[in-house]
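Participant: Okay, here's the prediction I keep looking at, along with the sequence it came from:
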Amino acid sequence: MSEIKTLTASELAENPVIAQMANLGHEQILFCNDEATGLKAIIAVHNTVLGPALGGTRMWSYANEMEALNDVLRLSRGMTYKNSISGLNLGGGKAVIIGDSRTQKSEALFRRFGKFVNSLAGKYITAEDVGINPMDMNWVSMETKHVVGLPGKSGDPSPVTAYGVYMGMKASAKIQFGSDSLAGKKIAVQGAGHVGEYLIEHLTKENADVYVTDIHVDTLKRVSEKYKATVVSPDDIYDVDMDIYAPCALGATINDETLERLKCSVIAGAANNQLKLESKHGFDVMKKGIVYAPDFAINAGGVINCFSEVQGLSADWSHKKAEEIYDTIHNIVKRSQDENVPTYQIANKIAEERIAAIGRVKLPM
Ligand SMILES: NC(=O)c1ccc[n+]([C@@H]2O[C@H](COP(=O)([O-])OP(=O)(O)OC[C@H]3O[C@@H](n4cnc5c(N)ncnc54)[C@H](O)[C@@H]3O)[C@@H](O)[C@H]2O)c1
């Protein structure tokens, strides 16, 4: 399941959907169209061996349908790996709504979307993602019970995500520096948003030397003053003389250009899809002697929080589960060094092995 083939233009032209599903190993895709509400959405169920496919809904102004399809296929596959490596009884899925989240939202659109989610009878559980807020999910919940992240329930997942990232960062430091103390370590946090701010809170409590950047001047000013962090401009963050780089904004920030500039020994952050080209840049970080904590393993706190809502578990359970990210990352990095294989490959392997093993358990006796 782990290696993704690059499909040729003729393969894609002949069979644009099924060929991609087969390449990435998807189970099912639901295309949703509703003239009356203007809803255009795609729900991708990647793998349900471990349990119902859980993953958020993203609302985005995609340039075209192919871009939306590519995004939902890639994101839903990522959820399968994240849920598996975190030891959750959840499969991987994701949904995208094609549209502008600032101008095209309505109660009717989200309730119609909820009807489509409900038609999958629990095979897919939805939640918030980019462009979606808890009130939108409230509308979805009027038509389906297969939704989490509702107001008044498990709440904002960001604190749990940040705590998991903090744990994974300490585990990476333990291997790279011989101690998991972050006191005095120079840590550059890219993005002072929901996760970034909570992460900075943990880091400053431990007396780390925090550098922070954000494209929003107000956010940057408020967070840097609150935690006495050193302000860096977005363009200069890669050149900071740092021990640890914590990407908490965008994906694909580990690439040919930034690897020339990054002086860190550890990369540990919340952003999804940090490696621009997984197979190339995953090897490149290893060759540079950088310990890279794989994104889907270190940022699983958010989905752990969602799982607690599905199962009716407490906030305390989520916190303890996120703490296990320390051991998960430590194990991945240790195995990577012992076997001389990039950390992303080890993480993929662990996730796939669990799915294969539990798949066998589920066979009829
Ligand atoms: N929120 C969660 O629980 C969670 C869970 C898993 C993964 N993630 C991922 O973690 C990342 C951060 O999530 P979040 O919820 O904090 O998002 P957010 O939108 O609250 O924060 C992101 C911050 O990054 C800033 N930013 C954007 N582009 C930037 C750039 N080029 N340079 C510097 N700063 C930039 C934004 O201004 C914003 O303040 C995202 O990639 C998200 O997908 C979040």
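Facilitator: Thanks, I have it. Numbers count the residues shown, from 1 in each chain.
Participant: Please count neighbours and contacts with C-alpha atoms only from this point.
Facilitator: Noted.
Participant: Check whether the strand or helix carrying Gly78 comes near the ligand.
Facilitator: Counting by DSSP states H and E, the element that carries Gly78 is helix 65-85. No. Using Cα under 6 Å from any ligand atom, helix 65-85 stays clear of the ligand, with a minimum separation of 9.8 Å.
Participant: Rounded mean pLDDT for the next helix or strand after that helix, please.
Facilitator: Next in sequence after helix 65-85, counting helices and strands by DSSP H and E, comes strand 91-98. Average pLDDT, strand 91-98: 98.
Participant: The helix or strand that comes right after strand 91-98 versus strand 91-98: what angle between them?
Facilitator: Once strand 91-98 ends, the next helix or strand along the chain (criterion: DSSP H and E) is helix 107-119. Helix 107-119 and strand 91-98 are oriented at 150 degrees to each other (axes from the mean of the first three to the mean of the last three Cα atoms, to 10 degrees).
Participant: Spatially central residue in the protein, please.
Facilitator: What sits nearest the mean C-alpha location of the chain, by Cα atoms, centre = their mean, is Asn272, with 4.2 Å.
Participant: Show me which residues of the stretch 151-300 of the chain sit near the ligand.
Facilitator: Counting by Cα under 6 Å from any ligand atom, the stretch 151-300 of the chain sits next to the ligand at 157-158, 161, 190-196, 213-216, 234, 248-250, 270-272, 299.
Participant: what about 8 Å?
Facilitator: Applying Cα under 8 Å from any ligand atom, we find that the stretch 151-300 of the chain lies next to the ligand at 156-162, 190-197, 213-216, 219-220, 234-235, 247-251, 269-273, 296, 299-300.
Participant: What subset of these is buried?
Facilitator: Among these, those buried by neighbour count (16 or more other Cα atoms under 10 Å) are 156-162, 190-197, 213-214, 219-220, 247-249, 269-273, 296, 299-300.
Participant: hey, C-alpha coordinates of stretch 189-206 in PDB?
Facilitator: C-alpha atoms of stretch 189-206 as PDB (Å, rounded to 0.1, in the frame of the first residue of the first chain):
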ATOM      1  CA  VAL A 189       7.900  27.800  15.300                       C
ATOM      2  CA  GLN A 190       6.500  28.600  11.900                       C
ATOM      3  CA  GLY A 191       2.800  29.700  12.300                       C
ATOM      4  CA  ALA A 192       1.400  31.100  15.600                       C
ATOM      5  CA  GLY A 193      -2.100  29.900  14.900                       C
ATOM      6  CA  HIS A 194      -4.200  27.500  17.000                       C
ATOM      7  CA  VAL A 195      -1.600  24.700  17.400                       C
ATOM      8  CA  GLY A 196       1.500  27.000  17.200                       C
ATOM      9  CA  GLU A 197       0.400  29.100  20.100                       C
ATOM     10  CA  TYR A 198      -0.400  26.100  22.400                       C
ATOM     11  CA  LEU A 199       3.000  24.600  21.400                       C
ATOM     12  CA  ILE A 200       4.800  27.800  22.200                       C
ATOM     13  CA  GLU A 201       3.200  27.800  25.600                       C
ATOM     14  CA  HIS A 202       4.600  24.300  26.400                       C
ATOM     15  CA  LEU A 203       8.000  25.300  25.000                       C
ATOM     16  CA  THR A 204       8.300  28.600  27.000                       C
ATOM     17  CA  LYS A 205       7.200  26.800  30.200                       C
ATOM     18  CA  GLU A 206      10.200  24.500  29.700                       C
END
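Participant: residue ranges for the strands of the stretch 101-250 of the chain, please.
Facilitator: With DSSP state E, counting those that start in this stretch as the criterion, the stretch 101-250 of the chain has strands at 124-125, 186-190, 209-213, 230-231, 244-247.
Participant: can you list the ones you listed in a markdown table and add mean pLDDT and distance to Gly289?
Facilitator: Formatted as a markdown table, the strands of the stretch 101-250 of the chain follow (pLDDT from 0 to 100; distance: least, Cα to Cα, whole Å):
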| stretch | mean pLDDT | distance to Gly289 |
| --- | --- | --- |
| strand 124-125 | 98 | 39 |
| strand 186-190 | 98 | 17 |
| strand 209-213 | 98 | 22 |
| strand 230-231 | 98 | 26 |
| strand 244-247 | 98 | 13 |
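Participant: Which pLDDT value does the model give Glu11?
Facilitator: At Glu11, the model reports a pLDDT of 73.
Participant: give me the element the residue of the stretch 251-365 of the chain found nearest the ligand is part of.
Facilitator: Proximity of the stretch 251-365 of the chain to the ligand (Cα to the nearest ligand atom) peaks at Ala271, 3.4 Å away. Assigned by DSSP H and E, Ala271 falls within no helix or strand.
Participant: so what's the closest residue to it other than its chain neighbours up against?
Facilitator: Leaving out its chain neighbours, the residue that sits closest to Ala271 by Cα to Cα, 6 or more residues apart in numbering is Cys248, at 4.8 Å. By Cα atoms under 8 Å, 6 or more residues apart in numbering, the contact list for Cys248 reads Val189, Gln190, Gly191, Ala192, Gly193, Val195, Gly196, Gly269, Ala270, Ala271.
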